[in-house]
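A.B. asks: Take a look and give me a structure for this.
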Amino acid sequence: MTDAIDSAVEDYFREQIERAAAGSRVHLYTPSVLQAAAEAFEAVQDALEEHDIADPFGRRLGSLASRILSACHERFALDGYYATGVDPIALLHTAVDFAADRIEGPFSPLEGPAMADCRAEVAYVVLPRQPGTPAWGKRGDAPLVVTLGRPDRAADRLIASSGGGPLGEYEPGPWTWCLDHKVPGGIYISHGTRVIAPEPSHETAGELAAIIADVLNGDITLPN
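C.D. replies: Numbering: from 1, shown residues only. Reported below is the predicted structural model:
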């Protein structure tokens with residue numbers, strides 16, 4: 001009975017985190033990030049209840065699950081900022097290879113993996129649409145572009161300030177996975193839907209592969 005109760009409790013926290021993640025208009029999350037957030041959510045909730053402040057804390061400030069998920073987002077972004085020895089082309093190859101196992105029929109990139117022609121450090125791969133791929137792009141027939149790179153924080157600040165002032169030197173941000181419909185070029189600040197994931201590795205690329213396949217098969221709709 002205790003095991004069943006523990007399992008139900010774990011399921012509850014995971015479901016709340018997944019519900020918060022589903023509400024994002026700009027992000028997708030790998031399973032490992034969702035699991036880390038669910039575990040943190042349970043630990044924080046236990047601490048709040050121990051001090052009899054769980055209910056008023058939640059009612060007054062909104063969804064605790066969404067705030068825990070946001071905090072985990074920042075934590076994994078920080079991991080990506082300090083990651084070293086990342087080979088984005090190799091990791092995109094891994095993601096494509098694993099995604100192919102989840103897609104019926106022949107599957108190979110239309111372009112790449114390759115480094116993009118822009119001032120930021122970013123690699124990309126262009127993947128073909130599948131029978132179940134939703135319509136996207138201006139004509140509804142755009143392919144899926146997967147990128148792994150370090151967005152240009154200097155360019156991001158310039159754009160946020162309405163383009164006033166000089167661009168300055170390239171300032172690499174954290175390694176970021178994105179799903180989009182355009183090949184990056186020129187100024188790269190990360191385009192499309194960001195996938196919140198652990199720091200880049202072949203294991204993380206395997207998690208991205210499942211998301212990529214689900215997007216191409218129509219099982220996941222890109223929020224952005």
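
A.B. asks: Go ahead and produce CSV holding the CA coordinates of stretch 141-155.
C.D. replies: Taking C-alpha atoms only, stretch 141-155 is exported to CSV below (Å, rounded to 0.1, in the frame of the first residue of the first chain):
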residue,chain,number,x,y,z
ASP,A,141,5.4,23.1,-46.3
ALA,A,142,8.5,24.2,-44.5
PRO,A,143,11.0,21.5,-43.2
LEU,A,144,12.1,21.3,-39.6
VAL,A,145,15.4,23.0,-38.7
VAL,A,146,17.1,21.8,-35.6
THR,A,147,19.9,24.0,-34.1
LEU,A,148,22.3,23.7,-31.3
GLY,A,149,24.3,26.9,-30.6
ARG,A,150,25.2,29.7,-28.3
PRO,A,151,22.8,32.7,-28.9
ASP,A,152,24.4,36.1,-29.3
ARG,A,153,23.6,38.0,-26.1
ALA,A,154,24.9,41.3,-27.5
ALA,A,155,22.5,41.0,-30.5
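
A.B. asks: in that stretch, what counts as buried?
C.D. replies: 142-155 (16 or more other C-beta atoms under 10 Å). Heads up, the C-betas are built off the backbone N, CA and C, glycines and all.

A.B. asks: can I assume residue 129 is in contact with residue 139?
C.D. replies: No: using C-beta atoms under 8 Å, residue 129 and residue 139 do not qualify as a contacting pair, with a distance of 11.7 Å.

A.B. asks: Compare those two (neighbour count), which wins?
C.D. replies: A count of neighbours by other C-beta atoms under 10 Å puts residue 129 above the other of residue 129 and residue 139, at 17 against 7.

A.B. asks: Excluding covalently adjacent residues, which one is nearest to the more buried one?
C.D. replies: residue 143 (5.9 Å; C-beta to C-beta, 6 or more residues apart in numbering).

A.B. asks: swap in residue 127?
C.D. replies: Residue nearest to residue 127 in three dimensions, not counting chain neighbours: residue 144, with 4.6 Å by C-beta to C-beta, 6+ apart.

A.B. asks: What distance do you get for the one you found to residue 25?
C.D. replies: Noted for residue 144: a distance of 19 Å to residue 25, by C-beta to C-beta, to the nearest Å.

A.B. asks: Same check on residue 105?
C.D. replies: 32 Å.

A.B. asks: still on that earlier bit, taking the buried residues of stretch 141-155, tell me the two that lie furthest apart.
C.D. replies: 143 and 154 (29.4 Å; C-beta to C-beta).

A.B. asks: Ramachandran angles for the spatially most central residue of the chain?
C.D. replies: Centroid-nearest residue in the chain: residue 195, 0.9 Å away (criterion: C-alpha atoms, centre = their mean). Backbone torsions of residue 195, given as degrees, to the nearest 10, read phi -100, psi 120.

A.B. asks: Please, which helix or strand holds the closest residue to residue 80 other than its chain neighbours?
C.D. replies: Counting by C-beta to C-beta, 6+ apart, residue 174 is the residue found nearest to residue 80 once chain neighbours are left out, at 3.6 Å. Here residue 174 sits in a region with no helix or strand, counting by DSSP states H and E.

A.B. asks: Can you report how many residues lie near residue 175?
C.D. replies: By other C-beta under 10 Å, 24 other residues sit near residue 175.

A.B. asks: what's downstream of the lowest-mean-pLDDT helix or strand in the chain, the next helix or strand?
C.D. replies: The helix or strand of the chain with the poorest confidence is helix 54-61; it has a mean of 57 (mean pLDDT, DSSP states H and E). Downstream of helix 54-61, the first helix or strand assigned by DSSP H and E is helix 64-82.
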